[in-house]
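Colleague: predicted model and sequence follow; I will ask about them next.
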Amino acid sequence: MHRYDAVFLDAQGTLIQPHPPTSVLYAEACRRCGQEIDPSRIARSIADLWMEHKRATDGRLRFDTSDEISRQWWTDFNTRLFHRLGMGGEPEPFVATLWELFGRPENWRTFPEVEMVTGELRRRGYRLGMVSNWDSRLLSICDGLGLTSRLDFVLASALVGAEKPDPRIFEMALARAGVAPERAIHVGDDYEADVLGAQHVGISALLLDRDGVHDGKPNRIRSLQELLDSLP
């Protein structure tokens with residue numbers, strides 16, 4: 001008998017990633033607005049601004065409980081980035097271009113092992129669900145990447161009104177899968193949102209640390225292949 005009946009998976013950083021990388025997509029938005037900015041400079045600016053946001057909110061960056069809130073956060077963050085990069089003109093075209101670029105399925109791809117791992121988990125009889133802090137565009141992205149047919153359900157926080165680590169989104173996942181908490185395991189790359197959030201409702205959890213930046217954290221794996229190796 002399986003120890004678990006359901007496997008829940010985060011989206012970005014776990015199943016999917018921007019392609020081309022985030023900084024390259026931002027550079028494309030800059031070019032469309034008449035500015036040539038090196039992607040490495042953009043990457044540094046994004047990282048710095050993100051850390052400032054985290055400090056200002058005591059590490060609790062929650063902004064995906066509705067499409068309206070997601071879009072407003074996106075606008076605020078990228079308007080600040082626009083000015084930090086020293087771009088001329090008004091920020092609205094830059095912000096709108098970014099929203100459009102990141103909403104295209106062709107600008108995302110699955111990680112190399114995802115097709116094999118999800119196929120094998122389905123073959124072994126597990127129920128699979130995506131549980132992600134994301135706006136409603138996640139659904140069309142999953143469709144475009146062929147992920148929807150590989151999963152039993154997709155939960156986007158903006159559509160259900162709760163985002164990880166809020167226990168409600170995990171409880172919704174349990175209800176969709178039709179399993180008790182102890183019969184589910186969740187995998188994601190955010191320790192607070194994914195690991196602690198899942199564990200709070202009694203779901204086992206693994207931290208996916210693809211880049212090896214979470215040394216010392218418990219229940220850590222480096223790829224989804226390790227998840228597959230640990231499940232019967």
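Modeller: Now that the structure is in, tell me what you want to look at.
Colleague: tell me how far the nearest residue to S223 once chain neighbours are set aside lies from L208.
Modeller: Sequence neighbours aside, E113 is the residue nearest to S223 in space, at 6.0 Å (criterion: CB to CB, 6 or more residues apart in numbering). Glycine gets a C-beta too; all of them are placed from N, C-alpha and C. Going from E113 to L208 by CB to CB, to the nearest Å gives 11 Å.
Colleague: just P105 next, same as before
Modeller: Using CB to CB, P105 is found at 22 Å from L208.
Colleague: then P181?
Modeller: Per CB to CB, P181 is found 20 Å from L208.
Colleague: now do R104
Modeller: R104 is 25 Å from L208, where distance means CB to CB.
Colleague: who's more crowded, those two?
Modeller: The neighbour comparison of R104 against L208 (other CB atoms under 10 Å) goes to L208, with 25 against 13.
Colleague: against E106, how distant is the more buried one?
Modeller: Taking CB to CB, one finds L208 at 24 Å from E106.
Colleague: before we move on, what about A158?
Modeller: Distance of A158 to E106, computed by CB to CB: 22 Å.
Colleague: comparing the two, which shows the higher neighbour count?
Modeller: A158 (23 against 10).
Colleague: skipping adjacent residues, who's closest to that one in space?
Modeller: Once flanking residues are discounted, A158 sits nearest to D135: 4.3 Å by CB to CB, 6+ apart.
Colleague: you'd agree the one you found is in a helix?
Modeller: No: under the criterion used here (DSSP: H, G, I helix; E, B strand; the rest coil), D135 is coil, not part of a helix.
Colleague: how is this protein divided into domains?
Modeller: With domains defined by automatic domain parsing, the chain comprises 6-17+108-230, 20-106.
Colleague: let's have the ones you listed in CSV, adding mean pLDDT.
Modeller: Below are these laid out as CSV (pLDDT from 0 to 100):
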stretch, mean pLDDT
domain 6-17+108-230, 96
domain 20-106, 92
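Colleague: which of those sits most buried?
Modeller: Mean neighbour count (mean count of other CB atoms under 10 Å) peaks for domain 6-17+108-230 among the domains of the chain, with a mean of 19.
Colleague: once you drop chain neighbours, what's closest to H19?
Modeller: Nearest non-adjacent residue to H19, counting by CB to CB, 6+ apart: R109, 4.1 Å away.
Colleague: is it fair to say the one you found lies in a strand?
Modeller: Yes: judged by three-state DSSP, R109 forms part of a strand.
Colleague: A strand includes I185, no?
Modeller: Yes: counting by three-state DSSP, I185 is found in a strand.
Colleague: for it, what are its contacts?
Modeller: Residues counted as contacts of I185 (CB atoms under 8 Å, 6 or more residues apart in numbering) are Y4, A6, V7, F8, I203, S204, A205, L206, L231.
Colleague: residues contacting the closest residue to it other than its chain neighbours?
Modeller: Residue nearest to I185 in three dimensions, not counting chain neighbours: S204, with 4.3 Å by CB to CB, 6+ apart. By CB under 8 Å, 6+ apart, the residues touching S204 are Y4, E182, A184, I185, H186, A198.
Colleague: isn't the second one up against G202?
Modeller: Yes: at 6.0 Å, E182 counts as touching G202 under the criterion of CB atoms under 8 Å.
Colleague: what segments of the protein are strands?
Modeller: With DSSP state E as the definition, the chain shows strands at residue ranges 6-9, 16-18, 108-110, 127-132, 153-156, 184-188, 204-208, 220-221.
Colleague: of all these, which one is nearest H83?
Modeller: Closest approach to H83 among the strands of the chain (CB to CB): strand 16-18, 22.9 Å.
Colleague: right, I'll leave it there.
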